[in-house]
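**Student:** Here's a sequence, model it:
(one chain, ligands or ions: 2)
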Amino acid sequence: MAAALQTLGGGIGITLHWIAFTPTIEQQATEEQKKKWLKLAQDVAIVGAYAQTEMGHGTFVRGLETTATYDPSTQEFVINSPTLTSTKWWPGGLGKTANHATVMAQLYTRGKCYGPHNFMVQIRSLENHQPCPGVTLGDIGPKMESNGNDNGFARFDHVRIPRENMLMKFARVEADGTYVQPPSSKLAYSNMVYLRGTFVMSAAQALASATTIAVRYSCVRRQSEMKPGEPEPQILEYQTQQYKLFPQLAAAYAFWFASWFMTQQHGSITGSMEKGDMSGLAELHALSAGLKSYTTAVTARGIDVCRMACGGHGYSHASGLPALFGGAAALCTAEGENTVMMLQTARYLVKCFAQSQAGKRLTGTVAYLSAVQPSPVAGNRNMSDLGTLVAAFQHRAARMVRHAAMQMQGEMQKGKAREDAWNSCSVLLIKAAEAHVHSFVVRNFAETVQTVEVDESVRAVLTSLCQLYSLYGITEHAGDFLKDGYLTGRDIDAASSHLSAMLARVRPDAVALVDAFDLHDKILRSVLGRYDGRVYEHLYEWAKKSPLNKSEVHESYYKYLQPFLKSNRAKL
Ligand SMILES: CCCCCCCC/C=C\CCCCCCCCCCCC(=O)SCCNC(=O)CCNC(=O)[C@H](O)C(C)(C)COP(=O)(O)OP(=O)(O)OC[C@H]1O[C@@H](n2cnc3c(N)ncnc32)[C@H](O)[C@@H]1OP(=O)(O)O
Ligand SMILES: Cc1cc2nc3c(=O)[nH]c(=O)nc-3n(C[C@H](O)[C@H](O)[C@H](O)COP(=O)(O)OP(=O)(O)OC[C@H]3O[C@@H](n4cnc5c(N)ncnc54)[C@H](O)[C@@H]3O)c2cc1C
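**Tutor:** Ligands and ions are numbered 1, 2, ... in the order given. Just a heads-up that it's a prediction; the model follows:
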């Protein structure tokens, strides 16, 4: 029942109820508070929004303006929107759907501000869905995509809520207004870490959807002549079509496996945190931020490559690809804009590099930073060996992290403040962080295909896909690998020829690889990607249902075209 309510459609949607509001209660509420709200949320007896972003602030959470001021005389918090820019703006479901919201607000008690904390606020009546007293609500208007969901705005005019509505698992305010510190001030941000982790799977699913559509259509579509007089070939026989689609297909598998790792890491580290061990939080934040940024960016670009590979029909909403692109584009901005998130990963890498320089042995996803030798040992490498490919990506990342960190140290030695040095090196830092995440995805892909429990024939196909993904990355970023001589021009040429061989190797299994995602036609919502391949009949049926075809002569003829034609003819 609850799953069926995933999206109610028709201008309202409860996606954020499931992926943000309910998890916030799970992660930030006390046991007492969970008894009050969690089952209501899980049974959709209330519908919630995650109201953090404001018109004036999204990235800079510490700059949010909504206030929650504690009144000890009534043991209540007063929630207020002091300025226009403090209006909550963007939260999914906030405008028309939700009747509750977790509101991120600056907590004031005894005249002191303790920063952003989460508060449960009822925003609409459970009887007639009218806004509660002091609450102004609305939708922010049409967006690039996902217009089936309302993204709303909310203003609070000194709305009073009980003290117990502050989500107090980590930080607390006692009845007399005393503030009790959390183990880490960033625990209030834990829902964002969780959600970023889920975006990695959303990216994988989106890219899996797009490659399913494009590969299937590329087997149905026949076009041009490969050889004079021969029948028109499937467009998937063109090497350029394989070069467009197969790296995206490989990335979908790579991101799918990366999301497995992310989910496992999140469970293990939050489990330790439940026992008071916060040591894994920094790595979890850096990994989730970097993976979210990297996978959503590659996915959005990859979906558009798939769209273009399907020609004109790819540009039609019949293909499902424009909607997928719009959704994936949203993932690049929501839950932490990609640039900002990759800078968070860079911040962690610079810290780890400094620790490694000071002699500390690094562990986890950054262990390679201390293991990789600065001076490359050039030589004819076996560019089809997965171990060689993983080592190349780790060397590239370690070199770029070292270069960015040393550049920053150099700026500070010239007298620049740390913040100014950071800003003037931030392009280098972003590239280094991207290289780090890329090397993690490659290593994780290689380790997964070598250890996953599958039939050896399947392992062989997955290994080819992993080689293809890695070789594509090396040839697309060849300069990074050539820069210090770690790879030679001959290595890059070998990588290119192996990549061509992998395209041909993957071709026979391409349809099986997309069918393996097991995406039902109802989920794909694509005429081009239909499982039965009956594209043309259904394209015609789809077009006939266009609103413009409701009448043979559209009303616009009589309103605009007919008078225009008449007046032009009268001048002849
Ligand atoms: C099956 C087929 C299906 C197909 C699927 C298709 C999918 C795609 C298609 C359609 C989908 C459409 C869907 C559309 C989108 C729907 C979902 C939308 C959900 C969006 C919800 C939101 O957006 S909620 C709001 C999100 N907002 C943010 O994320 C804000 C980002 N900003 C921040 O997090 C912070 O401000 C900051 C990290 C950028 C900076 O914070 P701050 O200034 O305080 O930190 P510093 O940089 O100074 O660092 C201090 C210190 O803190 C550490 N730290 C920072 N953040 C965290 C954290 N979260 N956890 C732990 N630690 C943190 C930081 O590392 C520093 O540590 P040091 O030790 O000091 O270095
Ligand atoms: C589809 C969709 C759904 C959303 N759902 C929700 C929701 O349910 N709940 C919610 O609270 N929010 C939601 N959001 C809001 C989203 O979280 C914010 O849009 C996002 O955090 C970015 O903040 P911003 O839009 O204010 O951009 P800004 O923070 O203004 O950033 C604008 C640009 O400035 C640059 N920039 C900003 N800071 C830095 C920096 N420190 N260093 C370098 N460059 C920087 C970045 O390049 C960025 O692109 C949603 C957004 C979208 C698009």
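**Student:** contacts and neighbour counts: CA atoms only from here.
**Tutor:** Fine.
**Student:** so what secondary structure elements neighbour the helix or strand S259 falls within?
**Tutor:** Here S259 sits within helix 239-274, counting by DSSP states H and E. If contacts are counted by 3 or more CA pairs under 8 Å, 6 or more residues apart in numbering; DSSP states H and E, helix 239-274 sits against helix 190-220, helix 281-309, helix 426-451, helix 456-476, helix 489-506.
**Student:** Out of those, flag the one nearest S272.
**Tutor:** helix 281-309 (9.5 Å; CA to CA).
**Student:** Let me know the average pLDDT across the closest one.
**Tutor:** When pLDDT is averaged over helix 281-309, the result is 97.
**Student:** who touches the lowest-mean-pLDDT helix or strand in the chain?
**Tutor:** Sorting the helices and strands of the chain by mean pLDDT, DSSP states H and E puts helix 368-371 at the bottom, at a mean of 86. With contact meaning CA atoms under 8 Å, 6 or more residues apart in numbering, helix 368-371 is reached by 353, 356, 361-362, 394, 398.
**Student:** likewise stretch 398-418?
**Tutor:** So stretch 398-418 is in contact with 349-350, 353, 368-369, 372, 374, 421-422, 425, 428-429, 431-433, 435-436, going by CA under 8 Å, 6+ apart.
**Student:** Restricted to buried residues, select the residues you listed in ChimeraX.
**Tutor:** To isolate the buried ones among the contacts of stretch 398-418 in ChimeraX, judged by 16 or more other CA atoms under 10 Å, type:
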select :349,350,353,368,369,372,421,422,425,428,429,431,432,433,435,436
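**Student:** Remind me what the one helix or strand F353 maps to packs against, helices and strands.
**Tutor:** For F353, the element it lies in under DSSP H and E is helix 338-357. Packed against helix 338-357 by the contact rule (3+ CA pairs under 8 Å, 6+ apart) you find helix 281-309, helix 368-371, helix 386-413, helix 426-451.
**Student:** can we see that at 10 Å?
**Tutor:** Counting contacts by 3 or more CA pairs under 10 Å, 6 or more residues apart in numbering; DSSP states H and E, the secondary-structure elements packed against helix 338-357 are helix 281-309, helix 321-333, helix 368-371, helix 386-413, helix 426-451.
**Student:** residues from this structure in reach of ligand 1?
**Tutor:** Residues of the chain found near ligand 1 (CA under 6 Å from any ligand atom) are 52-53, 58-62, 186, 189-190, 192-193, 202-203, 205-206, 209, 281-282, 285, 324, 327-328, 330-331, 334-336, 340, 348, 523.
**Student:** Report the buried members of those residues.
**Tutor:** 52-53, 58-59, 61, 189-190, 192-193, 202-203, 205-206, 209, 281, 285, 324, 327-328, 330-331, 334-336, 340, 348.
**Student:** pretty sure G336 contacts G58?
**Tutor:** Yes - taking CA atoms under 10 Å as the definition, G336 is a contact partner of G58 at 8.0 Å.
**Student:** List the buried residues for the helix holding F353?
**Tutor:** Neighbour-count burial for helix 338-357 [16+ other CA under 10 Å]: 338-350, 352-353, 356.
**Student:** Out of those, which is nearest to G485?
**Tutor:** The shortest approach to G485 among the buried residues of helix 338-357 belongs to F353, at 21.9 Å (CA to CA).
**Student:** And the closest one, how far from A371?
**Tutor:** To A371, F353 is 11 Å away according to CA to CA, to the nearest Å.
**Student:** any residues in contact with both of these two?
**Tutor:** Both F353 and A371 are contacted by 362, 398, under the criterion CA atoms under 10 Å, 6 or more residues apart in numbering.
**Student:** Would you list the phi and psi of E453?
**Tutor:** Main-chain torsions, E453, degrees, to the nearest 10: phi -80, psi 90.
**Student:** Make sure it is actually in contact with R459.
**Tutor:** Yes - the pair E453 / R459 is scored as a contact, 8.6 Å apart, by CA under 10 Å.
**Student:** Who has more neighbours out of these two?
**Tutor:** R459 (17 against 10; other CA atoms under 10 Å).
**Student:** Once you drop chain neighbours, what's closest to that one?
**Tutor:** V449 (6.2 Å; CA to CA, 6 or more residues apart in numbering).
**Student:** wait, what's in contact with the one you found?
**Tutor:** Counted by CA under 10 Å, 6+ apart, V449 has contacts 254, 257, 458-466.
**Student:** can you rerun that using 8 Å?
**Tutor:** With CA under 8 Å, 6+ apart, V449 has these contacts: 459, 462-463, 466.
**Student:** Check Y253 too.
**Tutor:** Contacts of Y253 by CA under 8 Å, 6+ apart are 204, 208.
**Student:** so how far is stretch 485-493 from its chain's centroid?
**Tutor:** Relative to its parent chain, stretch 485-493 has a centroid offset of 33 Å by CA atoms, centre = their mean, to the nearest Å.
**Student:** What's the separation between the nearest residue to M278 once chain neighbours are set aside and ligand 1?
**Tutor:** Leaving aside its chain neighbours, M278 sits nearest to S272 (7.2 Å; criterion: CA to CA, 6+ apart). According to CA to the nearest ligand atom, to the nearest Å, S272 stands 14 Å off from ligand 1.
**Student:** Begin at 53, not 1, for the rest of this chat.
**Tutor:** I'll keep to 53 as the first residue from here, and by that count the last item is S324.
**Student:** what does the helix holding F405 rub up against?
**Tutor:** 111, 334-335, 337-339, 341-342, 344-346, 349, 384, 414, 418, 421-422, 453-454, 457, 478, 481-482, 484-486.
**Student:** of those, buried ones?
**Tutor:** Judged by 16+ other CA under 10 Å, buried ones among these: 111, 335, 337-339, 341-342, 344-346, 349, 384, 414, 418, 421-422, 453-454, 457, 478, 481-482, 484-486.
**Student:** Ligand 2 next: which of those residues are close?
**Tutor:** When contact is defined as CA under 6 Å from any ligand atom, the buried ones among the contacts of helix 390-409 meet ligand 2 at T111.
**Student:** Poorly predicted segments of the stretch 103-252 of the chain, please.
**Tutor:** By pLDDT under 70, the stretch 103-252 of the chain has no low-scoring segment.
**Student:** Oops, could you answer that again for the stretch 253-402 of the chain instead?
**Tutor:** Using pLDDT under 70, the stretch 253-402 of the chain has no residue that qualifies.
**Student:** Alongside ligand 2, which residues does it contribute?
**Tutor:** Residues of the stretch 253-402 of the chain that fall close to ligand 2, judged by CA under 6 Å from any ligand atom: 382, 385-389, 391-392.
**Student:** okay, the residues you listed in JSON lines with distance to Q79 next?
**Tutor:** JSON lines is the format used below for these (distance: CA to CA, whole Å):
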{"residue": "A382", "distance to Q79": "24"}
{"residue": "T385", "distance to Q79": "23"}
{"residue": "A386", "distance to Q79": "20"}
{"residue": "E387", "distance to Q79": "17"}
{"residue": "G388", "distance to Q79": "19"}
{"residue": "E389", "distance to Q79": "22"}
{"residue": "T391", "distance to Q79": "26"}
{"residue": "V392", "distance to Q79": "24"}
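**Student:** Now for L520, how many residues are close by?
**Tutor:** L520 has 28 nearby residues by other CA under 10 Å.
**Student:** contacting residues for it?
**Tutor:** Contacts of L520 (CA under 8 Å, 6+ apart): 298-299, 302, 551, 554-555.
**Student:** ok, which pair from those residues is furthest apart?
**Tutor:** Among these, A302 and L551 lie farthest apart (CA to CA), at 12.2 Å.
**Student:** So the residue in the stretch 453-602 of the chain that ligand 1 sits nearest to: helix, strand or coil?
**Tutor:** Of all residues in the stretch 453-602 of the chain, the one sitting closest to ligand 1 is I575 (5.9 Å; CA to the nearest ligand atom). Assigned with DSSP: H, G, I helix; E, B strand; the rest coil, I575 falls in the helix class.
**Student:** did I read that right, M156 in a helix?
**Tutor:** No - if the criterion is three-state DSSP, then M156 is strand and not within a helix.
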